[in-house]
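*Asks:* take a look and give me a structure for this.
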Amino acid sequence: MRKVVQALVMTVAALAISGCRHRTKTPPPPVPPVVTVALAPTPEPATPPQVQSEQTTPAPLPSQSVQPKVKKPKKKVEVPPPPPALVASAAPPVDATVIGALTVGGDEVPAERQRALETIASVEKRLAALSTATVESKKEGLTRVHNFLRQAHESLNSGDVLGASTLATKAKVLLDDLLQ
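*Replies:* Sure thing, here's the model as predicted:
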């Protein structure tokens, strides 16, 4: 038993030193021999070459006749004068019956209301006719159509006929896109 334990200890020690036992070691590349070559010394010149320096005078500076840069005058932006202040008059307030009732669309409101109601009804009819497979596959888009229809109903009930018509048209267009 003692020999087995010693063998295991030796194997573990060998693995720790050498790395993985499955990996084969590749020998390192051979080192080329070092060859020393004696170089001949370079002779130094007897006297270094002399450079003659000449006295030069600096070039004269340009005369002061150079024209300075001329700045262009800035254009002034004209600001229109403010409109005259409105002065409150002491006239009595105008009675609403003199002007008449203010309406959003005059005669167009009943016609626009009817168009909005027809658009809402047609979209709801098309939604009711959808198959369950279509409803499941287009659930997110159909939720948005239902939200537009709910908002259109709320707008009609609050008196916003143009808003209801716009929302109903959005629901119709979205439903058309989903079913193509």
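*Asks:* nearest residue to residue 162 other than its sequence neighbours?
*Replies:* Nearest non-adjacent residue to residue 162, counting by CB to CB, 6 or more residues apart in numbering: residue 112, 6.5 Å away. Bear in mind the C-beta positions are built from the backbone N, C-alpha and C, glycine included.
*Asks:* you'd agree that neighbour is up against residue 168?
*Replies:* No - assessed by CB atoms under 8 Å, residue 112 is found out of contact with residue 168, at 10.7 Å.
*Asks:* these two: which is more packed in?
*Replies:* residue 168 (27 against 16; other CB atoms under 10 Å).
*Asks:* and that one, what is it in contact with?
*Replies:* Contacts here follow CB atoms under 8 Å, 6 or more residues apart in numbering; on that basis residue 168 touches 116, 119-120, 123, 148-149, 152.
*Asks:* now compare those and name the two farthest from each other.
*Replies:* 116 and 148 (11.9 Å; CB to CB).
*Asks:* so which of those two has more stuff around it?
*Replies:* residue 116 (24 against 21).
*Asks:* which SS state does the closest residue to that one other than its chain neighbours fall under?
*Replies:* Among residues not flanking residue 116 along the chain, residue 165 sits closest, at 4.0 Å (CB to CB, 6+ apart). Secondary structure assignment for residue 165 (DSSP: H, G, I helix; E, B strand; the rest coil): helix.
*Asks:* what pLDDT does the model give residue 165?
*Replies:* Listed pLDDT for residue 165 reads 92.
*Asks:* likewise residue 36?
*Replies:* For residue 36, the pLDDT comes out at 76.
*Asks:* tell me the secondary structure of it, please.
*Replies:* Under three-state DSSP, residue 36 falls in the coil class.
*Asks:* what is the neighbour count of residue 162?
*Replies:* A count of nearby residues for residue 162, using other CB under 10 Å, gives 15.
*Asks:* cool, and the one 10 residues further on?
*Replies:* Neighbours of residue 172 under the rule other CB under 10 Å: 18.
*Asks:* and what of residue 130?
*Replies:* Under the neighbour criterion other CB under 10 Å, residue 130 is assigned a count of 14.
*Asks:* do the same with the one 5 residues further on
*Replies:* Burial measure for residue 135: 11 neighbouring residues, criterion other CB under 10 Å.
*Asks:* I'd like the next helix or strand past the helix or strand of the chain with the lowest mean pLDDT.
*Replies:* Sorting the helices and strands of the chain by mean pLDDT, DSSP states H and E puts helix 96-99 at the bottom, at a mean of 49. On the C-terminal side of helix 96-99, the closest following helix or strand by DSSP states H and E is helix 108-128.
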